[in-house]
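> Requesting a structural model of the entry that follows:
(3 chains)
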Amino acid sequence: MPELPEVETYRRFIEETSLHQTIAEVEVQDPKRQLQLDLDDFRRALLRNQFTGTQRIGKQLFLLTAQGPIVTMHFGMTGDVAYYRDAADTPRFARAIFFFENGFKLAFLDSRKFGRIGLTQSVDAFRLQKKLGPDALTLSTEELTQGLAKKKSAIKPLLLDQRIAPGVGNWIADEVLFQAQLEPERPAHTLQPAEVDRLASAIREVLATAIAAEAVYRDFPSHYLIHAREWDTAPASPVKDAHLHCPRCQTPIQKKYVGGRATYFCPNCQV
DNA sequence: ACGAGTGTTTCACC
DNA sequence: TGGTGAAACACTCG
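Residues are numbered from 1 along each chain as shown, chains lettered A, B, ... in the order given. Model prediction:
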């Protein structure tokens, strides 16, 4: 489920568990697919090295090391991290494992293998190369206005563009458009300044809320649209449509495809 | 059994 | 050149 809140949660987890320990070994299960450089080069950069800190831009995570090279991680659609000691506790789908000298392991989990691990010399160089915009968590109205300037396409796909608001993923885009009461297919150039301002505030507010709840959806405020998504109602709910109404006006939430992605919205509240 | 999917990149085509 | 839409990637889960 990695959108910005999950990646921020992983970042904090790694900060708390995996810094300042000597790396004794590195294993990557399917390096051709998931490692963006030669496995031997990757091992050489990390053996006897230590993680010293972390950074995050949008959904991209950076692990700084004592000797300079920076590990980059992107979690795709199903990436996660785990920290454990006993080999018997190795989680399913551990695609890359960093073995520390103290016996603990940091694992990169990814059932679907869409995640990527790489190496870079500088976060700034990486940011420029990937054209990542200003992190969505602190995105200002001015920055969002700038990102949307001269864009005529629908607002929702633009929110998913990592050059504009890196960190916003599919459900967050729906959530912020719901909170800002904007229709997902509104052409960006039709947004009034007050609407862009509302949208920027919603992006910051939703992300901060999600991070505070450590990205556990069920703990989100009851006025959030996320509770109307199918996968939130599925577990152990005999009343299948229990939450499928707008928390603001009770109109049934609708689903359609915008920019090829499943999109949930309230046809009454969002204009 | 079948289909959908939280992300990104690539490619064909306007 | 830029936008767009579809496909590809690989796999689980309902």
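> Surely residue A:205 is in contact with residue A:178?
No - between residue A:205 and residue A:178 there is no contact under C-beta atoms under 8 Å: 11.9 Å. C-beta coordinates here come from the backbone N, C-alpha and C atoms, glycine included.
> quick one, which of those two is more surrounded?
Neighbour count, other C-beta atoms under 10 Å: between residue A:205 and residue A:178, residue A:178 has more, with 26 against 14.
> after the helix or strand of chain A with the lowest mean pLDDT comes which helix or strand?
When the helices and strands of chain A are scored by mean pLDDT, DSSP states H and E, helix A:230-233 comes last with a mean of 50. Per DSSP states H and E, helix A:230-233 leads on to strand A:254-258 as the next helix or strand towards the C-terminus.
> Mind listing what's buried along that next one?
Neighbour-count burial for strand A:254-258 flags residue A:258 (criterion: 16 or more other C-beta atoms under 10 Å).
> Just confirm yes or no for that strand near DNA strand C.
No - using C-beta under 7 Å from any atom of the strand, strand A:254-258 stays clear of DNA strand C, with a minimum separation of 7.7 Å.
> low-scoring stretches of chain A, by residue?
Applying pLDDT under 70 to chain A picks out residues A:1, A:230-243.
> Residue numbers of it in contact with DNA strand C?
Going by C-beta under 7 Å from any atom of the strand, the residues of chain A near DNA strand C are A:33, A:93, A:111-114, A:150-154, A:157, A:234-235, A:259-260.
> Please convert the buried members of those into ChimeraX selection syntax.
Here is the ChimeraX selection string for the buried members of the residues of chain A next to DNA strand C, based on 16+ other C-beta under 10 Å:
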select /A:93,113,151,154,157,259
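> And the residues of chain A next to DNA strand C, which is closest to DNA strand B?
Within these, proximity to DNA strand B (C-beta to the nearest atom of the strand) peaks at residue A:114, which comes in at 4.3 Å.
> The closest one: what's its closest spatial neighbour, skipping adjacent residues?
Leaving aside its sequence neighbours, residue A:114 sits nearest to residue A:76 (C-beta to C-beta, 6 or more residues apart in numbering; 2.9 Å).
> just residue A:164 next, same as before
Residue nearest to residue A:164 in three dimensions, not counting chain neighbours: residue A:147, with 3.7 Å by C-beta to C-beta, 6+ apart.
> And for that neighbour, the neighbour number?
So residue A:147, with other C-beta under 10 Å, has 20 neighbours.
> State the helix or strand in which it lies.
Residue A:147 belongs to helix A:141-148, assigned by DSSP H and E.
> quick one: buried residues of stretch A:244-253?
In stretch A:244-253, counting by 16+ other C-beta under 10 Å, buried: A:244, A:246, A:247, A:253.
> That stretch near DNA strand B at all?
No - applying C-beta under 7 Å from any atom of the strand, one finds stretch A:244-253 separated from DNA strand B by no less than 13.1 Å.
> Hmm, residue A:222 is touching residue A:247, no?
Yes - when contacts are counted by C-beta under 8 Å, residue A:222 is listed as touching residue A:247 (6.2 Å).
> what's the overlap in contacts for the two?
Counting by C-beta atoms under 8 Å, 6 or more residues apart in numbering, residue A:222 and residue A:247 have no contacts in common.
> Helix or strand: which one has residue A:11?
Assessed by DSSP H and E, residue A:11 sits inside helix A:4-17.
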